[in-house]
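> Got a predicted structure here, sequence first:
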Amino acid sequence: MPEELQYSLDELANFIGKDKDAIVAFYGGEPLLKANLVKKMIDVLPAKKFVLQTNGYFIEKLGRYVHKLDTILLSIDGRKEITDFYRQKGCYDKVIKALNFLKESGYEGEIIARMAVSYKTDIYKDVMHLLKFFPYVHWQLDVVWSNLWGVKEFKEWAEKSYKPGIKKLIKYWIKNLEKGKIVGIVPFLGIASRILHGGSGLPCQAGKEAFAISPDKKIMACPIAFDFEWNMLGDFKEFKRVDIGEPCIKCNFFNICGGRCLFFHKEWLWGKEGFEAVCNVTKFLIKELKKYEDIWKKYNIKYPPYNNTTEIIP
């Protein structure tokens, strides 16, 4: 993609203005490499909500504009040694510094720790660690297009580490619910919400109600798949929509999972075995949460309140 925008902010504003309930999310790469442009967009774009996904390195460049953001997702993968291993040495401290900046600035919007989860992750330990600092924690599994492991290693990790860790996390979440406290573990909140209130298709709505706009004016279904033909939907003048198909729409979990992820659904980079392995952990998570439905349904959980870019299904 080109580094500079190939369209004017007026063009963008006119396009977004066609949606009276527009939510604008700044996504990367790292959007705050162009912090001044982000501020200009906040000033001129007719959106009801603004969302930012960032590594936090340059958050201070936004200054008072942080208060115009409704949700901020900070990329952090758990404990210090885990985050720095996956990203780079010093990354964890940078994110915590960004978090402290938001707190000291009196930021009142939603703050989410956005984890990437791979083979060194202990889901229980890493989520519990982040809950000490963040009101909300969400994670996404590093699967299918990972360069860190393959399907065999993923399946072994899922059985030995991830599934037992999910069970422990759910018990912790339920224990707090019994005390009247809703802990902000995003996948649990989102799945409970889908079970209680229903949903249609992908929770992230990619390609159906949510779209990515590239610097060269392309309208895409998903921002991560910019070089795939199926992901190219059109431009400001005209664009189509894309949706989930088989085998997901015939699955008994579809009304909750929604197909999990559009890229995952379209590109079977780990083959049938990998597709089923990831589906297996998704179904496991849903089934484990449903065991406690009589407890969490009392809270009438609705999450997210708007599309804050959390995919819900890890």
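Right, received. Where do you want to start? Numbers count the residues shown, from 1 in each chain.
> residues in contact with the helix or strand of the chain with the lowest mean pLDDT?
When each helix and strand of the chain is scored by mean pLDDT, DSSP states H and E, helix 262-266 comes last, with a mean of 92. Applying C-beta atoms under 8 Å, 6 or more residues apart in numbering, the external contacts of helix 262-266 come out as 143-145, 202, 204, 206-207, 221-222, 224-225, 228, 230-231, 242, 244-245, 248, 259, 275, 278. Yep, even glycine has a C-beta here, placed from its N, CA and C like the rest.
> And the next helix or strand past that helix?
Next along the chain after helix 262-266, taking DSSP states H and E as the criterion, comes helix 271-290.
> Where do the strands of the stretch 201-314 of the chain begin and end?
Residue ranges of the strands in the stretch 201-314 of the chain, as given by DSSP state E, counting those that start in this stretch, are 212-213, 219-220, 232-234.
> Quick check: buried residues in the last one?
Within strand 232-234, the residues scored as buried using 16 or more other C-beta atoms under 10 Å are M232, L233.
> is Y136 in a bridge, and if so with what?
Note on Y136: beta-bridge partners by DSSP bridges are I112, G184.
> can you give me the strands for the stretch 51-200 of the chain?
71-75, 110-117, 136-141, 184-185.
> residues in contact with the shortest one?
Strand 184-185 is touched from outside by V127, L131, F134, P135, Y136, V137, L169, W173, with contacts defined as C-beta under 8 Å, 6+ apart.
> cool, the first one as well?
Contact with strand 71-75 is made by 49, 51-56, 59, 66, 87, 95, 98-99, 102, 107, 109-114, 116, 134, 138, 308-310, as judged by C-beta under 8 Å, 6+ apart.
> Domain-wise, how is the chain divided?
Taking automatic domain parsing as the reference, the chain has its domains at 147-208+243-303, 210-241.
> how far does the last one stretch from start to finish?
Counting by C-alpha to C-alpha, to the nearest Å, you get 10 Å between the two ends of domain 210-241.
> Which of the contacts of helix 262-266 are buried, as a PyMOL select command?
This is how PyMOL selects the buried members of these, with burial counted by 16+ other C-beta under 10 Å:
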select buried, resi 143+144+202+204+206+207+221+222+225+231+242+244+248+259+275+278
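> And the contacts of strand 184-185, which of them are buried?
V127, L131, F134, Y136, V137, L169, W173.
> So which of the contacts of helix 262-266 belong to helices?
Under the assignment DSSP state H, these contribute F275, V278 to helices.
> just to revisit the earlier point, got a markdown table for the strands of the stretch 51-200 of the chain, with mean pLDDT and distance to I191 too?
Output for the strands of the stretch 51-200 of the chain, formatted as a markdown table (pLDDT from 0 to 100; distance: least, C-beta to C-beta, whole Å):
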| stretch | mean pLDDT | distance to I191 |
| --- | --- | --- |
| strand 71-75 | 98 | 19 |
| strand 110-117 | 98 | 16 |
| strand 136-141 | 98 | 12 |
| strand 184-185 | 98 | 10 |
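> Dump these into TSV; add distance to E153 as well.
Below are the strands of the stretch 51-200 of the chain laid out as TSV (distance: least, C-beta to C-beta, whole Å):
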stretch	distance to E153
strand 71-75	23
strand 110-117	13
strand 136-141	13
strand 184-185	25
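> can you tell me which of those strands comes nearest to C91?
strand 71-75 (8.3 Å; C-beta to C-beta).
> Would you mind writing the CA trace of the closest one as PDB?
Listed next in PDB are the C-alpha coordinates belonging to strand 71-75 (Å, rounded to 0.1, in the frame of the first residue of the first chain):
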ATOM      1  CA  THR A  71     -12.100   2.700  22.700                       C
ATOM      2  CA  ILE A  72      -8.300   2.300  22.700                       C
ATOM      3  CA  LEU A  73      -6.800  -1.200  22.200                       C
ATOM      4  CA  LEU A  74      -3.200  -1.500  23.300                       C
ATOM      5  CA  SER A  75      -1.200  -4.400  21.900                       C
END
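> picking that back up, just flag the most distant two among the contacts of strand 184-185.
Largest separation among the contacts of strand 184-185 by C-beta to C-beta: P135 and L169, giving 16.1 Å.
> count of residues packed around R241?
By the criterion of other C-beta atoms under 10 Å, R241 has 11 neighbours.
> my read: it touches N231, true?
No: with contacts counted by C-beta atoms under 8 Å, R241 stays clear of N231, the gap being 12.0 Å.
> before we move on, the earlier item: need the contacts of strand 184-185 in TSV with distance to Y292, can you?
Below are the contacts of strand 184-185 laid out as TSV (distance: C-beta to C-beta, whole Å):
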residue	distance to Y292
V127	17
L131	18
F134	23
P135	22
Y136	20
V137	19
L169	12
W173	8
